[in-house]
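Q: after the sequence you'll find the predicted model.
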Amino acid sequence: MQIRQQGDNTVQEYSRNGRVYMVVVTPKHGLQQTYMVDPQGRLVDEHGQRRAMPTLYKVLEWGKSPPPAEPSGDSGAAAPASSSSR
């Protein structure tokens with residue numbers, strides 16, 4: 001077994017015959033995660049499934065002004081004229 005620090009995580013690698021077969025990641029704050037290593041060297045969970053990589057989108061960002069509004073599409077319409085009758 002080889003133990004190393006990776007950022008705030010403690011990583012334990014278990015090997016047999018020179019090949020890593022299991023990795024245990026213990027974060028500083030949080031739950032311990034155990035991964036098996038398949039023959040191709042990829043981390044898989046206890047069911048043999050590869051780790052899910054979520055897609056992240058930026059929904060809102062604080063501190064910036066909103067983008068300018070798009071024109072409404074009535075580019076040929078004239079503004080109403082002010083009537084000045086005496």
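A: Done, it's in.
Q: hey, where'd the strands end up in the chain?
A: 2-6, 9-16, 19-26, 33-37, 43-44 (DSSP state E).
Q: arrange those strands in CSV, one row each, with mean neighbour count, mean pLDDT and distance to Lys64 as further columns.
A: For the C-beta atoms, the positions are set from N, CA and C on the backbone; glycine is no exception. Output for those, formatted as CSV (neighbours: other Cβ atoms under 10 Å; pLDDT from 0 to 100; distance: least, Cβ to Cβ, whole Å):
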stretch, mean neighbour count, mean pLDDT, distance to Lys64
strand 2-6, 9, 92, 33
strand 9-16, 13, 91, 33
strand 19-26, 14, 88, 35
strand 33-37, 15, 83, 35
strand 43-44, 14, 75, 37
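Q: as TSV, the ones you listed with distance to Gly63 would be great.
A: Below are the strands of the chain laid out as TSV (distance: least, Cβ to Cβ, whole Å):
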stretch	distance to Gly63
strand 2-6	32
strand 9-16	31
strand 19-26	34
strand 33-37	34
strand 43-44	37
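Q: what about those strands, which gets the closest to Thr55?
A: Nearest to Thr55 among the strands of the chain is strand 43-44; the distance by Cβ to Cβ comes to 18.8 Å.
Q: which other helices and strands does that closest one contact?
A: Applying 3 or more Cβ pairs under 8 Å, 6 or more residues apart in numbering; DSSP states H and E, one finds that strand 43-44 contacts strand 33-37.
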